[in-house]
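Dropping a prediction and its sequence here:
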Amino acid sequence: MVRLFAFTILELAANAVGLLVAAWLLPNFRMDVIGFVLVVALFTLAKFILGPLMFKLSFKYVRALNGGVALVTTFVGLLVTSWLTDHLAISGVSTWVLSTLIVWLCGVIAAIVLPIFLFKKALSGPSNGRPLPPIV
């Protein structure tokens, strides 16, 4: 249960970073400040629901798509979020492609870097100062 909570917090933070970077870099990627929390929550929920579904469908029908499941899930998550709320607007094919890549890449980088900062105390191990063995 703790791992699920930690994973959810990490995923929300990583998606927030990715969406903010895309909004900062792409002029046709608009997200308002008031709806930012809603956009991050909907996008994360869409990815949680669509991720396993996309993987299963790609494994069953298009094996070549297995490596790109995260990119497809990110794209569909952005699409669903923009349909469900007026707080996210993406226009233009190039903006859709670039925003998918930016949100996915920032999410990957944040998933690597954020645990060091968010869960530093938990990762440092017991109070005797010895670090825990790596989780494989």
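Right, received. Where do you want to start? Residues are numbered from 1 along each chain as shown.

Now the residue nearest the centre of the chain: which helix or strand?
Nearest to the mean C-alpha position of the chain, by C-alpha atoms, centre = their mean, lies residue 15 at 3.7 Å. In the assignment (DSSP states H and E), residue 15 maps to helix 2-25.

any weak-confidence spans in this protein?
Residues of the chain meeting the criterion pLDDT under 70: 58-67, 119-136.

if we go to 80?
1-4, 54-68, 111, 116-136 (pLDDT under 80).

Which parts of it are strands?
According to DSSP state E, the chain carries its strands in the segments 29-31, 88-90.

Output the contacting helices and strands for the first one.
What that stands for is strand 29-31. When contacts are defined as 3 or more C-beta pairs under 8 Å, 6 or more residues apart in numbering; DSSP states H and E, strand 29-31 packs onto helix 2-25, strand 88-90. (Each C-beta comes from the backbone N, C-alpha and C, glycine too.)

Around residue 51, how many other residues sit close by?
17 (other C-beta atoms under 10 Å).

still on that earlier bit, and the helix holding residue 15, what other elements does it pack with?
When contacts are defined as 3+ C-beta pairs under 8 Å, 6+ apart, helix 2-25 packs onto strand 29-31, helix 36-61, helix 93-118.

List the buried residues in the second one.
Same thing as helix 36-61. Neighbour counts using 16 or more other C-beta atoms under 10 Å place 36, 38-47, 50-51, 54-55, 58 of helix 36-61 among the buried residues.

Closest one to residue 9 out of those residues, please.
residue 44 (10.3 Å; C-beta to C-beta).

Test my guess that that closest one contacts residue 17.
No - the pair residue 44 and residue 17 fails to qualify as a contact (C-beta atoms under 8 Å) at a distance of 12.0 Å.

Give me the contacts around the helix holding residue 15.
The contact list for helix 2-25 (C-beta atoms under 8 Å, 6 or more residues apart in numbering) reads 29-31, 36, 39-41, 43-44, 47-48, 98-99, 102-111, 114-115, 118-119, 122.
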